[in-house]
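> Task: produce atomic coordinates for the following.
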Amino acid sequence: MAITVTDKAPIGRADEILTDEALAFVEALHERFAAERNARLAARKARRDEAASTGRLDFLPETADIRAGDWKVAEAPEPLLDRRVEMTGPASPAKMAINALNSGAKVWLADMEDASSPHWANVVDSVLNLRDAAKGTLSYTSPEGKEYTLRTDAPLAVVVTRPRGWHMEERHVTVDGAPAIGALVDFGLHFFHVAKPLIESGRGPYYYLPKMENHLEARLWNEVFVFAQDYLGIPQGTVRATVLIETIPAAFEMDEILYELRDHASGLNAGRWDYLFSIIKFFRDAGEKFTLPDRASVAMTAPFMRAYTELLVKTCHHRGAFAMGGMAAFIPNRKEPEITAAAIEKVRADKTREATDGFDGSWVAHPDLVATCREVFDAVLGTRPNQVDRQRPEVTVTADQLLDISSAEGQATEAGLHLNLYVAVAYTAVWLSGNGAVAIHNLMEDAATAEISRSQVWQQINNRVVLADTGNTVTRELVGQILSEETDRLRGEVDPTAFSTFYEPASRLIADIVLSEDYTDFLTTPAYELVG
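Predicted structure coming up:
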């Protein structure tokens, strides 16, 4: 095999990351695992087609012995015993990385996936920042002369890095002339440069694994970990991974996913927005009973969402793993105290539900919310680092409960259609500009919210949904009209150059995706073609 990098200097100091030795490791990962990854992606379509035709998913009969077995994941290392507050955000630029590490959170999810736009400069800068952070040398000086350094008066957040999902490619790296696999580029560069400094400090390497749909994809990640540890001469079981259960088929294989990763598993996370996106994607053409009301009205208290989170907590604790709560997207506005107070109360209510349900910790999207989340979990945990001992034997979840989408309260409205199209265009435009975490209407949006927004529009068109507030039927003509209105609205809100450079292409892309007769599996795939 032959590996090639199209741009070896996307940032200063890139040569420290894109070394011959690191690229040889990335090449070795592809030689060993690319074919199996491709097979796993091909298998997704067959399962999706079957589920759509039957309107069903179920627990796998062939893995019943795993679900019934008496086994546990590996004992957690000390730095991961207490995860009551996890800060999320991109690892680039350095200022954001430093703020996350200094936030007071127990863990920082250093995101190279949904909260990061995969510009090549971002990918390399993320690894560089994480390498410097592991060595304790990360710093940044703003153009105005303000210095940002790692705090020494309190512990830094433990870093858990999230590489891209199996589906994404990295076109700035080719292997035998084909685009490299984004997950293997992210993991490969990070593991090669950062694993040993993290081991020396006793704080890693730890990972979050996104977008998986079944236990065979988890098995593939486990094989990657085994290979990587051998390659660098690191003891087996050093790596720890937390899996995001953010697809509907994965919800039926929680035990199996933990089992495949059991020597490296740390826990599961309830990735709520991607989970809703996955439900729409999987059952987009399976009939009216799978259409959701406005996404903003789908609460975590909806019966099908309760079934999902209750099953996750029970499964994790039964296997000695941590159950991690999802994102509260509300963000404070320091210039508007009333908005901030409302955001904090919404976060408090959300985290209280999770803590009392048995979750061991949860995510926040802004440093100002760390204290709120910590207070809630402190009240439940006390001096305990977690509540894995809370086994939840009273919980029983059936396939019908997980698929009871029609139980969600709320309605589909034209106001919701406007919001979906506005968010889809606004987020995609900022993503194209190189930023993957975007504040829109006091909510922290990432790729997951854009995905659910545009997917819901496609589903509404193809199911001819009648909107409750206007009585209009969702058609391509209506969506085209509203998309034009929301694009004009954005024209009045942003700089003209930014609008023509990013917002107009984003609007055209969203139009192509939502008005097409064929569904696009991931918005970020065609969007990536527009990234320079």
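> Find the residue at the geometric middle of this protein.
Closest to where the C-alpha atoms of the chain average out (Cα atoms, centre = their mean) is residue 114, at 5.1 Å.
> Could you pull up the residues touching it?
Residues counted as contacts of residue 114 (Cβ atoms under 8 Å, 6 or more residues apart in numbering) are 210, 274, 436, 446, 447, 448. Every C-beta, even on glycine, is put in place using the N, C-alpha and C of the backbone.
> for those residues, which one is nearest residue 334?
residue 446 (21.1 Å; Cβ to Cβ).
> So what does that closest one have for phi and psi?
When quoted as degrees, to the nearest 10, the phi and psi of residue 446 stand at phi -130, psi -170.
> longest helix anywhere in this structure?
Criterion DSSP state H: the longest helix present in the chain is helix 20-54.
> tell me how far that one is from the chain's mean position?
On the basis of Cα atoms, centre = their mean, to the nearest Å, the separation between the geometric centre of helix 20-54 and that of its chain is 18 Å.
> quick one: least confident helix or strand in this structure?
When each helix and strand of the chain is scored by mean pLDDT, DSSP states H and E, strand 443-445 comes last, with a mean of 78.
> Can you give the distance of that one from its chain's centre?
13 Å.
> any idea which helix or strand comes after it?
As assigned by DSSP states H and E, the chain's next helix or strand after strand 443-445 is helix 447-462.
> hang on, the earlier thing: can you tell me the element the residue nearest to the centre of the chain falls in?
Of the helices and strands defined by DSSP H and E, none includes residue 114.
> Could I get the phi/psi values of it?
With angles defined as degrees, to the nearest 10, residue 114 sits at phi -60, psi -30.
> The residue lying farthest from the centre of the chain in helix, strand or coil?
Distance to the chain centre peaks in the chain at residue 471, reaching 35.1 Å (criterion: Cα atoms, centre = their mean). Three-state assignment for residue 471 (DSSP: H, G, I helix; E, B strand; the rest coil): coil.
> how about low-confidence regions in the protein?
Applying pLDDT under 70 to the chain flags the ranges 1, 532.
> Apart from its neighbours in sequence, what residue is nearest residue 18?
Spatial nearest neighbour of residue 18, excluding adjacent residues (Cβ to Cβ, 6 or more residues apart in numbering): residue 8 at 5.3 Å.
> helix, strand or coil for that neighbour?
Per three-state DSSP, residue 8 ends up coil.
> measure it to residue 124 for me?
Separation of residue 8 from residue 124 (Cβ to Cβ, to the nearest Å): 9 Å.
> Could you pull out the residues contacting both of those two?
Listed as contacting both residue 8 and residue 124 by Cβ under 8 Å, 6+ apart are 14, 18.
> Give me the more crowded residue out of the two.
Between residue 8 and residue 124, residue 124 has the larger neighbour count (other Cβ atoms under 10 Å), namely 26 against 13.
> what about the more buried one, which SS state?
Following three-state DSSP, we place residue 124 in the helix state.
> That one reaches residue 11, doesn't it?
Yes. Counting by Cβ atoms under 8 Å, residue 11 is a contact partner of residue 124 at 5.6 Å.
> quick one on the thing from earlier: close enough to count as contact, the residue nearest to residue 18 and residue 17?
No. Using Cβ under 8 Å, residue 8 makes no contact with residue 17, being 9.8 Å away.
> Ramachandran angles for residue 341?
Main-chain dihedrals, residue 341, degrees, to the nearest 10: phi -60, psi -40.
> What's the local residue count around it?
11.
> where's it relative to residue 372, distance?
Residue 341 sits 11 Å away from residue 372, going by Cβ to Cβ.
> one step back: mind giving me the packing neighbours of the following helix or strand past the longest helix of the chain?
Once the chain leaves helix 20-54, the next helix or strand it forms, by DSSP H and E, is helix 64-68. Secondary-structure packing of helix 64-68 (3 or more Cβ pairs under 8 Å, 6 or more residues apart in numbering; DSSP states H and E): helix 254-260.
> so what strands line up beside the helix or strand just after the helix it packs on?
Per DSSP H and E, the first helix or strand lying C-terminal to helix 254-260 is strand 265-270. Using DSSP bridges, strand 265-270 pairs in its sheet with strand 240-245 (parallel), strand 322-328 (parallel).
> closest one to residue 230 among the ones you listed?
Shortest distance between residue 230 and the strands paired with strand 265-270, using Cβ to Cβ, is found for strand 240-245: 16.7 Å.
> Which residue ranges of the stretch 401-532 of the chain form helices?
414-433, 447-462, 476-491, 496-498, 504-515, 524-528 (DSSP state H, counting those that start in this stretch).
> contacting residues around the fourth one?
It stands for helix 496-498. Under Cβ under 8 Å, 6+ apart, the answer for helix 496-498 is 429, 433.
> start the count at 48, not 1, going forward
Got it, the first residue is 48 from now on, which makes the last one we talked about helix 543-545.
> Buried residues in it, which are they?
By 16 or more other Cβ atoms under 10 Å, helix 543-545 has no buried positions at all.
> can you give me the offset of that helix from its chain's centre?
29 Å.
> just the third one next, same as before
In terms of Cα atoms, centre = their mean, the centre of helix 523-538 is found 28 Å from the chain centre.
> That one: which residues count as buried?
Neighbour counts over helix 523-538 (16+ other Cβ under 10 Å) mark 525, 526, 529, 530, 533, 534, 537 as buried.
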